[in-house]
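In: sequence first, predicted coordinates after that:
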Amino acid sequence: MANKQQKTPEQRRYQQRVNEKMPRSKTLSQCIRAFISGGIICSIGQLVHDIGEKWLMLDEKGVAAFTAIIMVFLGASLTGLGVYDKIGSWSGAGSIVPITGFANSIVSPAMEFKREGFVTGTAAKMFVIAGPVLVYGIGSSVIVGLIYALLRA
């Protein structure tokens, strides 16, 4: 059995000072904010879905496409206006999960690097954040599809 080493008075004072200066955890409030903001974004998406279904009388595929297009447009527009960053700073993860977060992850780097030129700045850097997500998402879906096809054969 290992003996616990006693802390010196200096170490105890240092630990007390660290505990006083260390910021308190905000995990619960951050989870609540993420839940609320993600819920609001998803509720807006549901509203857009219902408009496409009931007012525009689109079929199932049309409603899905309409909803995705409108939500990506809203996310990109709010990012361009600087509003989505404010939403993200308040809500944390709640703003990155829905489809609007994907639009934000493409528009933000494009705006940041636009002064480097259209090709070498905007176009080249547009997928800096979303690119790895797309690569691994598509790659893993291909692997799962192959495994499924092999197991089914």
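Out: Nice, I can see it.

In: contact partners of the lowest-mean-pLDDT helix or strand in the chain?
Out: Lowest mean confidence among the helices and strands of the chain (mean pLDDT, DSSP states H and E): helix 124-125, at a mean of 76. With contacts defined as C-beta atoms under 8 Å, 6 or more residues apart in numbering, helix 124-125 is touched by 109-110, 112-113, 116. (Each C-beta comes from the backbone N, C-alpha and C, glycine too.)

In: now a ChimeraX select for only the buried ones of those.
Out: Buried residues within the contacts of helix 124-125, by 16 or more other C-beta atoms under 10 Å, are selected in ChimeraX with:
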select :109,110,113
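
In: could you pull out the helices for this protein?
Out: Under the criterion DSSP state H, the chain carries helices at the ranges 9-21, 27-50, 60-80, 83-91, 99-112, 124-125, 130-152.

In: could you single out the most deeply buried of the ones you listed?
Out: The highest mean neighbour count among those, using mean count of other C-beta atoms under 10 Å, belongs to helix 99-112: a mean of 20.

In: what is the orientation angle of that helix with helix 83-91?
Out: Calculated by axes from the mean of the first three to the mean of the last three C-alpha atoms, to 10 degrees, helix 99-112 forms an angle of 120 degrees with helix 83-91.

In: and helix 99-112, how far from the chain's centre?
Out: Taking C-alpha atoms, centre = their mean, to the nearest Å, one finds the center of helix 99-112 at 10 Å from the center of the full chain.

In: show the average pLDDT along it.
Out: Averaged over helix 99-112, pLDDT sits at 80.

In: so where's the protein shaky on pLDDT?
Out: Across the chain, the ranges flagged by pLDDT under 70 are 1-4, 98.

In: how near is the residue nearest the centre of it to Ser105?
Out: Centroid check for the chain by C-alpha atoms, centre = their mean gives Ile96 as the closest residue, at 1.9 Å. Distance, Ile96 to Ser105, using C-beta to C-beta, to the nearest Å: 8 Å.

In: likewise for Arg17?
Out: Counting by C-beta to C-beta, the gap from Arg17 to Ser105 is 40 Å.

In: also Gly38?
Out: Here Gly38 is placed at a distance of 15 Å from Ser105 (C-beta to C-beta).

In: hmm, who's touching stretch 12-24?
Out: For stretch 12-24, contacts defined as C-beta under 8 Å, 6+ apart pick out Lys7.
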